[in-house]
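Q: Starting from these lines, generate the structure:
(one chain, ligands or ions: 2)
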Amino acid sequence: MENIDWGNLGFSYMKADYNLRCYYRDGKWEEMTLSQDEHIPMHIAATCLHYGQEAFEGLKAYRGVDGEIRLFRADENAKRLKSSADYLMMQAPSVDMFVDAVTKVVKANERFIPPYGTGASLYIRPLLIGTGAQVGVSPSDEYLFVIFVTPVGPYYKSGFNPMKVIVDRDHDRAAPLGTGHVKTGGNYVASLLSASWGHDMGYSSVIYLDAKEKRYIDECGAANFFGIKNGTYVTPKSHSVLPSITNLSLTQLAEDLGLTVERREVDLAELATFEEAGSCGTAAVISPIGSVYDPKEDITYSFGDSVGKVTTELYNRLCGIQYGEVEDTHNWVTIVK
Ligand code: PLP
Ligand code: COI
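A: Ligands and ions are numbered 1, 2, ... in the order given. As a prediction, this is how the structure comes out:
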């Protein structure tokens, strides 16, 4: 694509050539189709519109150093979509169907995969929605699985630099036994006001605390939190945290580096003891955290002005695997042919 400025892409929507669609009707999945239409026709009483019966995923395709197209752990996204769908009483595609659909739509949009070395990639957004008409609060009997793709650059304009974060004690993104562990739109709409407040206060992201005790770290914006201290990678264990595939991968890479991994409750006050901190997710991979401000206690926890050694090493290893520069010893990558 000669007219795309790959090196300056943001994290925003750009029309690619095709999206993929597949309906679940009359108890079975129909044929997958590729479409150039960016709109979906929908019944005015569809359950996704009124009752939020929807789940989505996010993964990327990378153009590697060898020119090959790589998908990163797409099977894990398939499993997470199934887990979201089960909790929201929706039908989900099988792992094979999901991976097949992702592969098809990536191939159909090959000219939108950013070239190696531009720092950009092709973001893949699978979406599952209840399309059947209901007025009572009950699950749909019809579902649409759709995937669009769009080329993206870095999630944060500041790139791989430490960001300032603020603790939000006035909003919860998810309830202790609610939907935080699944990837459904309601969690994200519940975070809008909070993110906007954080930005107005001059911060790139907010930390959510557990909704019950307001004591333990849950998530950092739409990303998991991790901290590093004494050769240990620590990340919160909480029912209301989305199980991040990036975090899952970083815990493995941390072990490969000889770190101990602890998945447990992380008291906000423990921030004072971390040497490095970061947030992680597909969009940004790792966003290093430079400082966390807690307005209630008027305390700032600082982790330095430059990115820590362990965070940098983890970032380089993970990106290296995704771009085919580092050996994929855990078999995380699938080459799209
Ligand atoms: N937490 C939330 C709330 C998210 O939306 C995401 C993004 O998907 C993540 C964490 C990171 O998950 P992953 O690494 O699978 O992208
Ligand atoms: C992530 O990929 O880390 C995200 O949080 C995606 C976001 C745009 C919902």
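Q: which stretches of the stretch 51-200 of the chain have low pLDDT?
A: Residues of the stretch 51-200 of the chain that meet the criterion pLDDT under 70 lie in 155-159.
Q: Tell me where it has strands.
A: Assigned by DSSP state E, counting those that start in this stretch, the strands in the stretch 51-200 of the chain fall at 54-56, 59-63, 69-72, 121-130, 143-152, 163-168.
Q: Now do the first one: distance to the chain's middle.
A: The gap between where strand 54-56 is centred and where its chain is centred comes out at 13 Å by Cα atoms, centre = their mean, to the nearest Å.
Q: For the stretch 1-150 of the chain, what lies in contact range of ligand 1?
A: Taking Cβ under 6 Å from any ligand atom as the test, the list of the stretch 1-150 of the chain residues beside ligand 1 reads residue 58. Every residue, glycine included, has its C-beta placed from N, CA and C.
Q: Excluding sequence neighbours, find me the nearest residue to the residue of the stretch 1-150 of the chain found nearest ligand 2.
A: Residue of the stretch 1-150 of the chain nearest ligand 2, by Cβ to the nearest ligand atom: residue 58 (4.3 Å). Nearest residue to residue 58, sequence neighbours excluded (Cβ to Cβ, 6 or more residues apart in numbering): residue 282, at 5.0 Å.
Q: who wins for proximity to residue 17 among the strands of the stretch 51-200 of the chain?
A: Among the strands of the stretch 51-200 of the chain, the nearest to residue 17 by Cβ to Cβ is strand 143-152 (9.0 Å).
Q: if we can go back for a sec, does the residue nearest to residue 58 really touch residue 245, like I thought?
A: Yes: with contact defined as Cβ atoms under 8 Å, residue 282 counts as touching residue 245 (7.0 Å).
Q: quick revisit: from what I see, the residue of the stretch 1-150 of the chain closest to ligand 2 and residue 124 are in contact.
A: Yes: with contact defined as Cβ under 8 Å, residue 58 reaches residue 124; the gap is 7.2 Å.
Q: of those two, who's got more company?
A: Ranked by neighbour count (other Cβ atoms under 10 Å), residue 58 and residue 124 place residue 124 first, with 23 against 15.
Q: ok, the more buried one - contacts?
A: By Cβ atoms under 8 Å, 6 or more residues apart in numbering, the contact list for residue 124 reads 57-61, 102, 105-106, 147, 149.
Q: Distance of it relative to residue 51?
A: Distance of residue 124 to residue 51, computed by Cβ to Cβ, to the nearest Å: 26 Å.
Q: can you list the domain ranges for the protein.
A: Listed domain ranges for the chain are 6-152, 163-322 (source: automatic domain parsing).
Q: So for stretch 42-59, what gets flagged as buried?
A: Residues of stretch 42-59 classed as buried by neighbour count (16 or more other Cβ atoms under 10 Å): 46-49, 51-57, 59.
Q: Out of those, which two are the most distant from each other?
A: Based on Cβ to Cβ, the longest span within these runs between 51 and 59 and measures 26.4 Å.
Q: what number of residues lie near residue 261?
A: By other Cβ under 10 Å, 15 other residues sit near residue 261.
Q: Beyond the strand or helix carrying it, next helix or strand please.
A: According to DSSP states H and E, residue 261 maps onto strand 260-264. As assigned by DSSP H and E, the chain's next helix or strand after strand 260-264 is strand 276-281.
Q: Show residues contacting that following strand.
A: 58, 155, 165, 205, 219-229, 244, 246-247, 250, 271, 286-289, 292, 301, 303-304, 307-311.
Q: Looking from ligand 2, tell me which residue of the stretch 151-300 of the chain is nearest.
A: Distances between the stretch 151-300 of the chain and ligand 2 by Cβ to the nearest ligand atom are smallest at residue 281, namely 2.2 Å.
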